[in-house]
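Visitor: Pasting the sequence and the predicted coordinates here, then a few questions.
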Amino acid sequence: MNRKWRIGAVSYLNTRPLLFGLEQSDLMSEIELVKAYPAKIAQDLMDGTIDMGLVPVAVTPLLKEAHFVSNYCIGATGPVASVCIFSDSPMDEIENVYLDYQSRTSVQLASILLRDYWKKEVVFLKADKGYIQQIKGKTAGVIIGDRALAARPHFKYIYDLSVAWNVFTKLPFVFATWIANKPMPQHFMEAFDKANAIGLNHINEVIATIPKTEQVYDLNTYYNQNISYHFDAEKRKGLELFLSLLK
């Protein structure tokens, strides 16, 4: 191959363990790494400006080709902590919900759970930058990623979407996984997965690379208990169910 593989990755705390080994590996000579928020990486994959990305799984039906190419993902088997509905009111009093503009998967998950699990009819509001300040009274909001971790101390009610999904379906949830819009060489993906695994085996070293100002939540808890990185059979079942509900 004459050109480098263009690989997109979400620039959140939850991806740091996967990228830790990759960024130190020999594969970087074959890769151009593009970092952005989830919806932007998903759009890049749809547009074909990247070859593979760690993207929100809701992009899958929108791709002409979608290949699940890795054994690693951003998933959860219990509380995920960083994908929640935040509110000053209890669920039965919520009337409006802002949908985080940074992720397609999380807002689709919230919509499904509000309809089928909480049995709620709400007005969905399009969120722009600064929308978190508008979450008050009977207006709630979906917040994801690092901003969700930072928001946790500031709201009376936090509804963890992974917990709700788990209770609703008895399955884990996959928020993002490595998806390619074309077949990827097996030897490349084997090396890629080995690089991904390095950070998971060296969590303390990963945490040491993160500035204290970015550690808005206990990262030992986050990496070892909240995020579940192995794209195993149960997570694939959860993903299959979610994609069927999207239809």
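Guide: Arrived safely.
Visitor: Compute the number of surrounding residues for L125.
Guide: Neighbour count for L125, taken as other Cβ atoms under 10 Å: 15. (Each C-beta comes from the backbone N, C-alpha and C, glycine too.)
Visitor: So, low pLDDT: which residues of this structure?
Guide: Along the chain, the parts satisfying pLDDT under 70 run over 1-2.
Visitor: Which elements pack onto the longest strand seen in it?
Guide: Looking across the chain with DSSP state E, the single longest strand is strand 67-76. Counting contacts by 3 or more Cβ pairs under 8 Å, 6 or more residues apart in numbering; DSSP states H and E, strand 67-76 is packed against strand 173-180, helix 186-200, strand 228-230, helix 233-246.
Visitor: Go through the next helix or strand after that strand and flag the buried ones.
Guide: Toward the C-terminus, strand 67-76 is succeeded by strand 83-87 as the next helix or strand (DSSP states H and E). Residues V83, C84, I85, F86, S87 are the ones in strand 83-87 that count as buried (16 or more other Cβ atoms under 10 Å).
Visitor: Could you list the paired strands of strand 83-87 along with their orientation?
Guide: If you go by DSSP bridges, strand 83-87 pairs up with strand 139-144 (antiparallel), strand 157-160 (antiparallel).
Visitor: CA atoms of that strand as PDB?
Guide: The C-alpha trace of strand 83-87 is given here as PDB (Å, rounded to 0.1, in the frame of the first residue of the first chain):
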ATOM      1  CA  VAL A  83     -23.500   8.500  29.000                       C
ATOM      2  CA  CYS A  84     -26.400   9.700  31.000                       C
ATOM      3  CA  ILE A  85     -29.600  11.700  31.100                       C
ATOM      4  CA  PHE A  86     -29.000  14.600  33.600                       C
ATOM      5  CA  SER A  87     -31.900  16.400  35.300                       C
END
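Visitor: Just the buried positions in the helix or strand that comes right after that strand, please.
Guide: Next in sequence after strand 83-87, counting helices and strands by DSSP H and E, comes strand 96-99. Across strand 96-99, burial judged by 16+ other Cβ under 10 Å covers V97, Y98, L99.
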